[in-house]
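Asks: Need a 3D model of the sequence below.
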Amino acid sequence: MVNWREILANIEQGGLGVRNLAEVNDCLLLKWWWRRVWSDILQLVHKRPAPVEFYLSNLKLSVGNEDRIHLWEDKWLNNLYLKEEFPRLYSLSEEKGCNCSAFVGCKEFTHYHLQTPLHYLNVYLYAFGEPLAWEEEEVLRLHELLRETPTLSLESKDSCQWMANPEGSFTVASAWKWWMYSKGPNLNVTKDLWKNFAPSKVKFCGWLVWRGRLKTVAVLKNLRVLNEDSDSLCLFCKSEEESVHHLMLFCPFVDMMQWWGLVWVLPGLVKDLLLWWSGVKFSKIVLRMWKVIPLAVMWSLWKARNECLFSGKPVEWNELAELVNVRVALWSKLNIEGMHYSVQQIVTNLHQTKACVGRRRLPLG
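Replies: Okay, here's the model as predicted:
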């Protein structure tokens, strides 16, 4: 069995990329919030704090001549809420819901006239008796903060900019990209597992092997599908327990790699094998062939194991190795545009084929 969280994880992070509908809905809600950017969305902060925080941190407001931006309750100044920066002044203010444009051109003040670059942005904070000394300090601090603001433009409307997108407009894709990145880093191995020209079922088999979820005897015993006293010996060598790593690595893998002319020290785990595999450098075309080799080996081994188990068909290693070669050659022939060699030529003259296609710049299919 595969954990549901692994299925929902992004492909680049080791999952299957099945999208969580609740997370998709949150990203779509951000689009709705963007279209109605002046709506009160903070009521959702307790239900979905992460997307709300992301939204507010990437939203930049520009003050214009409309009444949409609120002085205290919007992040229009240095990405700050004035009500949070000056909680005492906000609690004393009689104009908590006031907007910035309401103070433009106002010449009547109750106690304080804070003349700022915002065309005389007049902030009358409260209508009560003489303030205390520390309250005056807060007023002066607010005054200094407002001096740093850009000039309010009476010729333009209130506007907003989405900082997560270079174009400045909100996209659901930018929100989803952030959501995926917040879950963890991308893995190089998964890129090679999925971004190649092997059939989808072969890629999925490779993913199960990498995750250790292929239903070998050891896995089935761990899931209690098989009894502890069930025969667990490998069908190929009859000497060790059939685990994912033994089946895919220690039986025939080394012999099969002779076709590629590879001499190496075999890793002990499948994930180490694939990690090493992803670090090998070839020309672009040869690299595309290289990426599908472990998948072809794993797929062929698994099919041969099942035929041996359920049909009683003995395994002929020479034929199995030849079958892996043919599969790699066939997939390469069908998916690499400009590959003029036949399947037979690729199989019998692999080194010459690699040398030729490595020097040529064939168009990538």
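Asks: and the longest helix for the protein?
Replies: Among the elements of the chain assigned as helix by DSSP state H, the one spanning the most residues is helix 284-310.
Asks: Okay, buried residues for that one please.
Replies: By neighbour count, with 16 or more other C-beta atoms under 10 Å as the criterion, the buried positions of helix 284-310 are 285-286, 288-302, 304-305. The way it works is simple: take the backbone N, C-alpha and C, and place the C-beta from them, glycine included.
Asks: Could you do stretch 81-99 as well?
Replies: Buried positions in stretch 81-99, judged by neighbour count with 16+ other C-beta under 10 Å: 81-83, 85-86, 89-90, 92-93, 95, 98-99.
Asks: follow-up on the earlier one: other SSEs contacting the longest helix of the chain?
Replies: Using 3 or more C-beta pairs under 8 Å, 6 or more residues apart in numbering; DSSP states H and E as the contact definition, the elements that helix 284-310 packs against are helix 200-211, helix 253-256, helix 270-278, helix 317-335, helix 350-359.
Asks: could you give the angle of it to helix 350-359?
Replies: Taking axes from the mean of the first three to the mean of the last three C-alpha atoms, to 10 degrees, one finds that helix 284-310 is oriented at 140 degrees with respect to helix 350-359.
Asks: How far away from the center of its chain is helix 284-310?
Replies: Between the centre of helix 284-310 and the centre of its host chain there is 27 Å, according to C-alpha atoms, centre = their mean, to the nearest Å.
Asks: weakest of the helices and strands packed on helix 284-310 by average pLDDT?
Replies: Of all the helices and strands packed on helix 284-310, the minimum mean pLDDT falls on helix 253-256 (a mean of 60).
Asks: related to what we said a few turns ago, name the nearest of the buried residues of stretch 81-99 relative to residue 198.
Replies: Using C-beta to C-beta, residue 81 comes nearest to residue 198 of these, at 52.2 Å.
Asks: Okay, the closest one and residue 197: tell me how far apart.
Replies: Using C-beta to C-beta, to the nearest Å, we find residue 81 at a distance of 52 Å from residue 197.
Asks: Equivalent analysis for residue 87, please.
Replies: Here the criterion is C-beta to C-beta. By it, residue 87 lies 60 Å from residue 197.
Asks: Could you check how far the residue nearest in space to the middle of the chain is from residue 10?
Replies: Of all residues in the chain, the one closest to the mean position by C-alpha atoms, centre = their mean is residue 180, 3.5 Å from it. When C-beta to C-beta is the yardstick, residue 180 and residue 10 sit 5 Å from each other.
Asks: With residue 286 instead?
Replies: In this view, residue 286 and residue 10 are 29 Å apart by C-beta to C-beta.
Asks: Could you list the domains of the protein?
Replies: 4-180, 188-359 (automatic domain parsing).
Asks: what are the C-alpha coordinates of the host helix or strand of residue 33, in PDB please?
Replies: Of the helices and strands defined by DSSP states H and E, residue 33 is found in helix 21-35. Output for helix 21-35, consisting of C-alpha atoms alone and laid out as PDB, is shown next (Å, rounded to 0.1, in the frame of the first residue of the first chain):
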ATOM      1  CA  LEU A  21      -9.000  19.400  -3.700                       C
ATOM      2  CA  ALA A  22      -8.900  21.400  -0.500                       C
ATOM      3  CA  GLU A  23      -5.600  23.000  -1.500                       C
ATOM      4  CA  VAL A  24      -6.800  23.600  -5.000                       C
ATOM      5  CA  ASN A  25      -9.800  25.300  -3.600                       C
ATOM      6  CA  ASP A  26      -7.600  27.500  -1.400                       C
ATOM      7  CA  CYS A  27      -5.600  28.700  -4.500                       C
ATOM      8  CA  LEU A  28      -8.800  29.400  -6.400                       C
ATOM      9  CA  LEU A  29     -10.100  31.400  -3.400                       C
ATOM     10  CA  LEU A  30      -7.000  33.500  -3.600                       C
ATOM     11  CA  LYS A  31      -8.000  34.400  -7.200                       C
ATOM     12  CA  TRP A  32     -11.400  35.400  -5.900                       C
ATOM     13  CA  TRP A  33      -9.800  37.500  -3.200                       C
ATOM     14  CA  TRP A  34      -7.700  39.100  -5.900                       C
ATOM     15  CA  ARG A  35     -10.700  40.100  -8.000                       C
END
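Asks: how far does that helix sit from the chain's center?
Replies: Per C-alpha atoms, centre = their mean, the displacement of helix 21-35 from the mean C-alpha position of its chain is 17 Å.
Asks: ok, and for it, which residues are buried?
Replies: If you call a residue buried by 16+ other C-beta under 10 Å, then helix 21-35 has these buried ones: 23, 26-27, 29-30, 33-34.
Asks: Among these, pick out the one closest to residue 322, please.
Replies: Set against residue 322, the nearest of the buried residues of helix 21-35 by C-beta to C-beta is residue 23 (46.2 Å).
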